[in-house]
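> next input, structure requested:
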Amino acid sequence: MELTAVVQKKLAAPERCLCCIQASLINPSNGSKSPRILAIVEREGDYGLFVHTTSRLPVLSPGDLTVEKALPVTNDTRCQTPVALGSIKQGDPVLLTIMCSSDNLKLQIPNGPQLSAMLKDLKKGIDVYSQNAGFGLPSSFSWLDKYSKSQIDNNPFANDVFDPTKHMPEKTEPEVSDWPWGHIAKPVDNGATPMVHARTSPVWKPVGFEDSFSNLSVDSKSSASSSRELGSDMYSSIDSAIGHAKPEGPRESIVKLYMSKVEDQFTRLETIRLFCGTWNTNGQPPGDTDLSPWLAFDQYPPDIYAIGFQELDLSNQAFIFAESQREQEWFAAVRQGLHPQAAYKKLCLIRLVGMMLILFVKKELTHHIKKVKAEQVGTGLLGMMGNKGGVAVRFELFDTSFCIINSHLAAHMEEYERRNQDYRDINSRLQFRDLLGYDNPQSITDHDRIFWLGDLNYRISGLDLERVKKECDAGNYSVLYEYDQLIQQRSLKNVFLDYEEAPIKFKPTYKYDTGTDSWDTSEKCRCPAWCDRVMWKGEHIENEAYRSHPILKTSDHKPVSAYFSVKVKKIDIELYRKTYEEMMKKLDRLENEFLPSVTLDKYEVKFENVLFIEPQAKTLQITNTGQVPVHFEFINKLKEKSFCKPWLSVKPFSADILMGDSVTIDLEVYVNKDTAPTLNAGDDTIEDILVLHLEGGKDFFISVTGSYTPSCFGSSIESLVNMVDPIREIPTDTLISLEHIPTSPAGEKRKSFFGDNVEPLDIPKELYRLVDYIYKQGKEEEELFQQPGLHTEIQWIRDCLDTGTPDTMSGSVHSAAEALLMFLEALPEPVIPYDLYQPCLDSAIDFETCKKILLHMPPAHHNVFVYIMAFLRELLKYKQVNGVDVGILAPLFGGVVLRPPPEGSNKRAKSQEYSKRSQFVQHFLLNEYDCN
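From the prediction side, this is the model:
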């Protein structure tokens, strides 16, 4: 008997078991696990989460199960996973925290279709409750009482042999997200330190959702869009309120599309005030600084605050996603400085090293906030160093979507191209993703109102220093506009296309002697510049003020603020009802009379000469040629986990098309460190078949083909030391054979692939060229291995290495430094082989033991490690000039030469593990190593 059927036999007649799954309940005291059976049960629109103990596994009959808990699913139900399910392999365990009623369940469940189904049903239960609550429709969970009354207490471990709760202190508020399906944890409303949560790096910790909105009543007179759940939307809530069944699946999305096309017929505009502030604090603590001259400058309190900081922490350790005590110091100062004529709740806080973005909203607006998500993009080396990049928060207020970005772009007068690149990287890479992967990711441009603030670092160039100071002191700011790099780059349409900025009528905000209003008098004597900016994009946004606040002198920057009146859409229920009913009649008629029909402008997409880290884009157009709206999506092929190969991206992967309309699909091929090795080795090719499924219609098959040009990036050390000629001069079949030659065992004489007459190289020639160039051209370069390179220069360096010409490379040292890290990170087998990963971690505390580990490395790998460490020790001799130190190099190179085996790559490396990798490398940076 199936598990769902077994659970169903324990339920009353009107109750339905929607899904169930076997899980392990984690004991919070000692980490031990006990088996549980979870079930989502529905009765007349109300949902419950049932937790069963079991007398045996597998469960064969209803007598094997005992209901331990029957918990109501409400808008206070929370679900949190450490990472998105899409990043975890099928069958691997998922750590899941569910807050339901007053219970906090920590569970381990295998990833797979059953888990996805359970989360989907749980999310649906939250949405239904939210819709009903939004319109004052009560939910009754009295049917759960019969299951709860038989329980002795609410202790989930009561049936276990050892009950940890008898030995635990009094229960405190659990630290989990106040928003379902979110990434961010919920601290309390008193400014206490929010819980941190690892993301793309083992020691990066975004923070947010400090204040709970769950204790606020829902006004039954307000629109249904006041639902605060991430799964809600502006139309589905209203459908429940006016008595229509909620559309399901593809039909639901078509209804939304129809209604969005005519939303002017049932929406009205209301005005809110938004404050955007940005300040580069130069690593300084706030001390007793009063921020109200900045944050409470205006007569009327804003409805929403968006406050961005940069350079919160300038310590070397902070550059690799480290924690910082500055976060709480500045957060407390901000809270104290908010406008005194209003009460605020913190909506979200997210931090990426020195960049922090905090959002506050008026308490009376919290009912109308929904779908809050936060994301980040690092634009430092390899996207790993977070000293530059952006953090962003998106949310919906009433029925208008907002996206607010805080960024810190590349520094230095001459680096405007790198700033442009940083902007493009943030704009293209920052995606707000659905945890379950059901919806298309949302990019920055997918929002109605966009606000971009931060230290954009564009300078005033083309005028001598004294002239700039003279014009500034005279207040002749308009004279300087034509020399402002941001204005220049925007006029060339290189950055911030379609964004607006208010006229600048204040002094440049950089650079001052700290604690004064005097221009920089240091040895570098920086030229004044408007580094700190606020820009916006979207309709119905009116800037009322744009100013700096020179009274605050804590930093070498002055804070900036912009004050906006923003119109937001709000639904009129009666008008919506009328439009909805007319639309449903039309849709029903069309669906009964016609079948969906589309045409594609092509069935084959070709990509020629694909190169490593050089994206190629093509488009595919789908046109609705039928008489009924259509819904399409790309679906997985049989026995495949994704609808496309990892080197291919397809956006959007699903959409709706009204009659006569078209949708353009963007297809991009991008080969990176993860996909290059299999392409170099011939284990994969640029070939794929996309299956386009038309709901209610047929499937279409699109062929994707192309040719990949092999590169030294993604080639193995063993193959590279056997290549005397550049890789592009070697026949493809020879390259494939080289990639499959066995690695020479440790201690044995290396054998050449081409016979005894050809000696293999000691190290790859490409590695030598990179290191030699960096040492000769950049050993005294400021901020070496701390600044990213330019994409175009790294691609040029790739071509130099792959073709062997020219003999001397060109490009910035920073680009060569990033290319070196990229080369090492792309190795299929890292410098220190996977089978030595754990022994290296175990020996990290002792240098002598570390040296012994190296004796087990294959000869070529051993040579590469020794060569790189010797090179880095040489660079450290110039640290007074180039600014590098062990605290920067050890974690940076520890992360690329010592990598965890691929079978563990789906999990975030523990911070302790990350620290040991750094510690292992640090020994060889501080000590000479005799390899004999």
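> residues in contact with Phe395?
For Phe395, the contacting residues are Leu347, Cys348, Leu359, Ile369, Lys370, Lys371, Val372, Lys373, Ser401, Phe402, by CB atoms under 8 Å, 6 or more residues apart in numbering. For glycine as for every other residue, the C-beta is placed from the backbone atoms N, C-alpha and C.
> which SSE is it in?
If you go by DSSP states H and E, Phe395 is part of strand 389-397.
> just checking: what are the partner strands of that strand?
strand 369-378 (antiparallel), strand 400-408 (antiparallel) (DSSP bridges).
> now it: buried residues?
For strand 389-397, a neighbour-count test (16 or more other CB atoms under 10 Å) marks Gly389, Gly390, Val391, Ala392, Val393, Arg394, Phe395, Glu396, Leu397 as buried.
> ok, which stretches of the stretch 351-500 of the chain are strands?
All strands of the stretch 351-500 of the chain, identified by DSSP state E, counting those that start in this stretch, fall at 355-362, 369-378, 389-397, 400-408, 431-432, 442-443, 449-455.
> mind putting those into CSV with mean pLDDT?
Supplementary listing: those in CSV, determined by pLDDT from 0 to 100:
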stretch, mean pLDDT
strand 355-362, 96
strand 369-378, 92
strand 389-397, 96
strand 400-408, 97
strand 431-432, 93
strand 442-443, 94
strand 449-455, 98
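> rewinding a little: ok now the strand holding Phe395, how far from the chain's centre?
11 Å (CA atoms, centre = their mean, to the nearest Å).
> and what of stretch 655-662?
Relative to its chain's centre, stretch 655-662 lies at 30 Å (CA atoms, centre = their mean).
> Thr81 contacts Leu96, correct?
Yes: assessed by CB atoms under 8 Å, Thr81 is found in contact with Leu96 at 5.6 Å.
> quick one on the thing from earlier: of the strands paired with strand 389-397, which approaches Gly277 most closely?
Among these, the nearest to Gly277 by CB to CB is strand 400-408 (9.9 Å).
> what is the helix or strand containing Asn104 packed up against?
Under the criterion of DSSP H and E, Asn104 resides in strand 103-110. The contact analysis (3 or more CB pairs under 8 Å, 6 or more residues apart in numbering; DSSP states H and E) places strand 103-110 against strand 16-26, strand 33-43, strand 93-100.
> distance to Gly894 and mean neighbour count added to these, as a markdown table?
Formatted as a markdown table, those follow (distance: least, CB to CB, whole Å; neighbours: other CB atoms under 10 Å):
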| stretch | distance to Gly894 | mean neighbour count |
| --- | --- | --- |
| strand 16-26 | 31 | 20 |
| strand 33-43 | 32 | 21 |
| strand 93-100 | 26 | 19 |
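> gap between the longest strand along the chain and the chain center?
Taking DSSP state E as the assignment, the strand of the chain that covers the most residues is strand 267-280. Relative to its parent chain, strand 267-280 has a centroid offset of 24 Å by CA atoms, centre = their mean.
> got the contact list for stretch 666-679?
Stretch 666-679 is contacted from outside by 605, 607, 610-620, 645-651, 684-686, 704, 706, 708, 710-711, 713-716, 822, 825-826, 828, using CB under 8 Å, 6+ apart.
> so where is the protein shaky, pLDDT-wise?
Where the chain drops to pLDDT under 70, the residues are 1, 131-138, 148-251, 315-323, 383-386, 435-438, 747-756, 904-911, 930-932.
> of all residues in it, which one is nearest the centre?
Geometric centre of the chain, nearest residue: Glu375, 4.4 Å, by CA atoms, centre = their mean.
> beta partners for that one?
According to DSSP bridges, beta-bridge pairing links Glu375 with Ala392.
> check Thr599 too.
Thr623.
> how far away is it from Thr623?
Distance of Thr599 to Thr623, given as CB to CB, to the nearest Å: 5 Å.
> who has more neighbours out of those two?
The residue with more neighbours, out of Thr599 and Thr623, is Thr623; 16 against 12, by other CB atoms under 10 Å.
> and that one, how far from Ile254?
Taking CB to CB, one finds Thr623 at 16 Å from Ile254.
> now do Glu780
In terms of CB to CB, Glu780 sits 63 Å off from Ile254.
> looking at these two, which is more packed in?
Between Glu780 and Ile254, counted using other CB under 10 Å, Ile254 has the larger neighbour count: 22 against 12.
> in contact with the more buried one, which residues?
Under the criterion of CB under 8 Å, 6+ apart, the contact list for Ile254 reads Pro247, Leu587, Pro629, His631, Asp656.
> repeat that for Leu453.
Per CB under 8 Å, 6+ apart, neighbours of Leu453: 276-278, 306, 308, 404-407, 533-535, 560, 562.
> how about Gly277?
Trp294, Leu295, Tyr305, Ala306, Ile307, Gly308, Leu453, Pro559, Val560, Ser561, Ala562.
> identify the bridge partners of it.
Residues in beta-bridge contact with Gly277 (DSSP bridges): Ile307, Ser561.
> right, and Pro745 touches Pro858 too?
Yes: contact status for Pro745 versus Pro858: in contact at 6.7 Å, counting by CB under 8 Å.
> neighbour count: the two, which is higher?
Pro858 (21 against 11).
> is it true that the more buried one touches Thr743?
Yes: the pair Pro858 and Thr743 passes the contact test of CB under 8 Å, sitting 4.7 Å apart.
> ok, and the closest non-adjacent residue to Gln114?
Spatial nearest neighbour of Gln114, chain neighbours left out: Ile21 (4.6 Å); criterion: CB to CB, 6 or more residues apart in numbering.
> show me what contacts the one you found?
Contacts of Ile21 (CB under 8 Å, 6+ apart): Leu3, Ile37, Leu38, Ile109, Gln114, Leu115, Met118.
> surely the fifth one is within a strand?
No: assigned with DSSP: H, G, I helix; E, B strand; the rest coil, Gln114 falls outside any strand and is helix.
> surely it and Cys19 touch.
Yes: the pair Gln114 and Cys19 qualifies as a contact (CB under 8 Å) at a distance of 7.0 Å.
> one step back: which parts of the following helix or strand past the longest strand of the chain are buried?
Where DSSP H and E defines the elements, the next helix or strand beyond strand 267-280 is helix 292-295. For helix 292-295, a neighbour-count test (16+ other CB under 10 Å) marks Trp294, Leu295 as buried.
> chain center to helix 292-295, what's the gap?
Worked out by CA atoms, centre = their mean, helix 292-295 lies 31 Å from the chain centre.
> ok, back up a step: quick one: closest of the strands of the stretch 351-500 of the chain to Gln919.
strand 369-378 (22.9 Å).
> CA atoms only: put that closest one into CSV for me.
Listed next in CSV are the C-alpha coordinates belonging to strand 369-378 (Å, rounded to 0.1, in the frame of the first residue of the first chain):
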residue,chain,number,x,y,z
ILE,A,369,4.3,44.4,1.5
LYS,A,370,4.9,41.0,-0.2
LYS,A,371,7.3,38.9,-2.2
VAL,A,372,10.4,40.1,-0.6
LYS,A,373,13.7,38.7,-1.9
ALA,A,374,17.3,39.7,-1.5
GLU,A,375,20.3,38.8,-3.7
GLN,A,376,24.0,39.8,-4.2
VAL,A,377,26.6,39.8,-6.9
GLY,A,378,30.4,40.1,-6.2
